[in-house]
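**Student:** can't give you the sequence, but here's the structure:
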């Protein structure tokens, strides 16, 4: 079971990593590492990315705790189906260019709060600041992170949820490292083409969560949840 969550997180992170390149690219390319050379520069960039992974793991703990509450009440299946249905709505909204859940006031307020603190950290040129930049970067609103969190929430388990989000973060790592060292290699055209896959990743995640909630006894896709009964349609 743990292996399936780790693999799922890695797959979502890897497939969605070019979305991260597009969204977080400007932050990664402007990291205060220009004064560093060789191993030190690599270590600085790695610390930044590990900061992101740490934040994803931490919010995964919170999502797992919330999901555990639903599981204790026997609502894990219902939660999984509800989240999956919501993701399908997002998928159709993206396909038909309708942003269903956007709240400009909340996004702008939170973005302003995080970016103000990022600006202060960018003025420093030490490893400690690079790690903190990564931590804060992980808190910026991101549709792909929301997708991963939906999967983490549906696990109903704090450990699985945290591992899922950590694996998701590690899945984005290769593309982000390449961007930081050689951003020009990844053309804007390629980023745009791969970014178009994001809605379909959302749709696939939605379908998998619905199947998981239906408790169909399909290995890895819809395993039996202990103490649960398949949701019946009448």
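**Tutor:** Received the coordinates, thanks. Bear in mind that the values here come from a model prediction, so they are computed numbers and not experimental data.
**Student:** and the residue found closest to residue 10 once you drop the neighbours it is linked to in the chain, what is it in contact with?
**Tutor:** Of all residues not flanking residue 10 in the chain, residue 171 sits nearest, at 4.3 Å (Cβ to Cβ, 6 or more residues apart in numbering). Using the backbone N, CA and C atoms, a C-beta is placed for each residue, glycine as well. When contacts are counted by Cβ atoms under 8 Å, 6 or more residues apart in numbering, residue 171 touches 9-17.
**Student:** try 6 Å this time
**Tutor:** 10, 13-14 (Cβ atoms under 6 Å, 6 or more residues apart in numbering).
**Student:** ditto for residue 62
**Tutor:** If you count contacts by Cβ under 6 Å, 6+ apart, residue 62 has none.
**Student:** Retrieve the pLDDT associated with it.
**Tutor:** We have a pLDDT of 92 for residue 62.
**Student:** where are the low-confidence patches of this structure?
**Tutor:** Flagging of the chain using pLDDT under 70 yields the residue ranges 1, 21-23, 25, 98-108, 110-111, 182-188, 190-195, 216-234.
**Student:** Show me the residue at the heart of it, geometrically.
**Tutor:** In the chain, the C-alpha nearest the mean C-alpha coordinate belongs to residue 145, at 2.7 Å (Cα atoms, centre = their mean).
**Student:** count of residues packed around the closest residue to that one other than its chain neighbours?
**Tutor:** Nearest residue to residue 145, sequence neighbours excluded (Cβ to Cβ, 6+ apart): residue 56, at 7.0 Å. For residue 56, the tally of surrounding residues (other Cβ atoms under 10 Å) stands at 26.
**Student:** I'd guessed residue 56 sits against residue 169; true?
**Tutor:** Yes. Checked against Cβ atoms under 6 Å, the pair residue 56 and residue 169 is within contact range at 4.1 Å.
**Student:** Okay, strands next: where are they in the chain?
**Tutor:** Secondary structure of the chain (DSSP state E): no strands present.
**Student:** mind listing the helices for the protein?
**Tutor:** 2-15, 17-29, 38-72, 76-95, 104-122, 127-137, 143-155, 158-182, 188-195, 198-214 (DSSP state H).
**Student:** Most tightly packed of those helices?
**Tutor:** helix 143-155 (a mean of 24; mean count of other Cβ atoms under 10 Å).
**Student:** contact partners of that helix?
**Tutor:** 12, 16, 19, 60, 63, 67, 80, 83, 87, 161, 164-165, 168, 202, 205, 209.
**Student:** List the residues that contact residue 94.
**Tutor:** Contacts of residue 94 (Cβ under 6 Å, 6+ apart): residue 199.
**Student:** Can you give me the distance of it to residue 203?
**Tutor:** Note on residue 94: its distance to residue 203, by Cβ to Cβ, to the nearest Å, is 9 Å.
**Student:** what does residue 176 give?
**Tutor:** Residue 176 is 24 Å from residue 203, by Cβ to Cβ.
**Student:** what do you get for residue 40?
**Tutor:** Taking Cβ to Cβ as the measure, residue 40 falls 42 Å from residue 203.
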